[in-house]
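Asks: Show me the folded form of this:
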Amino acid sequence: MEEYASVLEEYKLKLAQRIQQSGFLTRSRRGEVSVEEFKVFLVQQGIYSSYFTRYLCALMANLPSGAQVQALAENLCEELGLTEDSATPHSVIYRDMLKDFGLTLEGERPLLGTRRLIDTMFDHCRDVNAARGLGALCLGAEALVPIVYTDLLAGFAGAGVPPEAVVFFSIHVECDDGHAETLRDIMVEVARSQPDQLALMLSAGEALVDARLAFFDSIETHARILGAAPARQDAVLSQ
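Replies: The predicted structure follows:
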């Protein structure tokens, strides 16, 4: 069991390194992302995240064990604000954060990268082979949230945004660690009984990271069009 857990942890760190090398997160850590560019991100991230409970439910429908479904149901309840330590739905917290920035998701359309990210996640979570959904949701999303959101919080601070305005991200730096552990435990269980499924889970995580990088590229491209981000050449020279 420890062997499989170690492989998953090492691969998570590899994927995290890829994500952190993206232009958007690199500039975020350096405090080079403007509030206007972050607004583009917040809307597109909100569109992607609005499907999260559906990604989770799609995966749960394909899990072979009732105990595994029960474990993920606890994550679902937390997202929906049905637990004592999470009494407000995360979607409501996000909506309130958008309001503080003068934003709403109403009438907003996904960018190409956002659409790809949504479709890639759904494709994996809906697969009858739950290994693909597990790898996508864990290695390609939940396990990376604390790392990605920490970089985003540094960027918001660098842009002069007060911490209380982006508490949604602070909450998820902590709670998504627990979500990722639940998914990882199920992945280890699957790998122990079907070792050939490990490679499938790893490749699913890779596919989601590819889609997330395309998502960040779309954010930067759209922000440049709006004049909210530096030209591509400037961004490259600053790295």
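Asks: From here on, just use CA atoms for contacts and neighbour counts.
Replies: Noted.
Asks: Averaged over its residues, which helix or strand of the protein has the lowest pLDDT?
Replies: helix 232-237 (a mean of 44; mean pLDDT, DSSP states H and E).
Asks: now the helices for the chain?
Replies: Assigned by DSSP state H, the chain shows helices spanning 2-20, 23-29, 35-49, 52-60, 66-79, 90-100, 112-125, 130-138, 145-158, 167-193, 197-225, 232-237.
Asks: Point out the most buried one among these.
Replies: Across the helices of the chain, averaging neighbours per residue (mean count of other C-alpha atoms under 10 Å) puts helix 130-138 on top, at a mean of 28.
Asks: Where does pLDDT dip in the chain?
Replies: 1, 75, 77-87, 174-178, 232-239 (pLDDT under 70).
Asks: Spell out for me which residue occupies the centre of this structure.
Replies: Ala141 (4.1 Å; C-alpha atoms, centre = their mean).
Asks: contacting residues around it?
Replies: Taking C-alpha atoms under 8 Å, 6 or more residues apart in numbering, we find Ala141 in contact with 205, 208.
Asks: And it, how far from His179?
Replies: 10 Å (C-alpha to C-alpha, to the nearest Å).
Asks: try Tyr149
Replies: With C-alpha to C-alpha as the criterion, Tyr149 and His179 are 15 Å apart.
Asks: again, but for Leu111
Replies: 27 Å.
Asks: Kindly report the same for His172.
Replies: Distance from His172 to His179, counting by C-alpha to C-alpha: 10 Å.
Asks: now Asp210
Replies: For Asp210, the distance to His179 - C-alpha to C-alpha - is 22 Å.
Asks: now Thr26
Replies: On the measure of C-alpha to C-alpha, Thr26 and His179 end up 26 Å apart.
Asks: Next: Ala58.
Replies: In this view, Ala58 and His179 are 16 Å apart by C-alpha to C-alpha.
Asks: Now do the buried residues in stretch 99-112.
Replies: Buried residues in stretch 99-112, counted by 16 or more other C-alpha atoms under 10 Å: 101, 103-105, 110-111.
Asks: What about the residues you listed, which are in strands?
Replies: In strands, judged by DSSP state E, none of the buried residues of stretch 99-112 are found.
Asks: Mind picking the two most distant members of those residues?
Replies: Farthest pair in the buried residues of stretch 99-112 (C-alpha to C-alpha) is Phe101 and Leu111. Separation: 19.6 Å.
Asks: For Leu112, give me its contacts.
Replies: 215, 218.
Asks: Begin at 52 from now on, thanks
Replies: OK, 52 is where the count begins now, so the last one is Leu163.
Asks: How much space separates it from Asp170?
Replies: Shown here: Leu163 relative to Asp170, a distance of 11 Å by C-alpha to C-alpha.
Asks: repeat for Thr272
Replies: Thr272 is 20 Å from Asp170, by C-alpha to C-alpha.
Asks: for Phe219, same thing?
Replies: According to C-alpha to C-alpha, Phe219 and Asp170 sit 24 Å apart.
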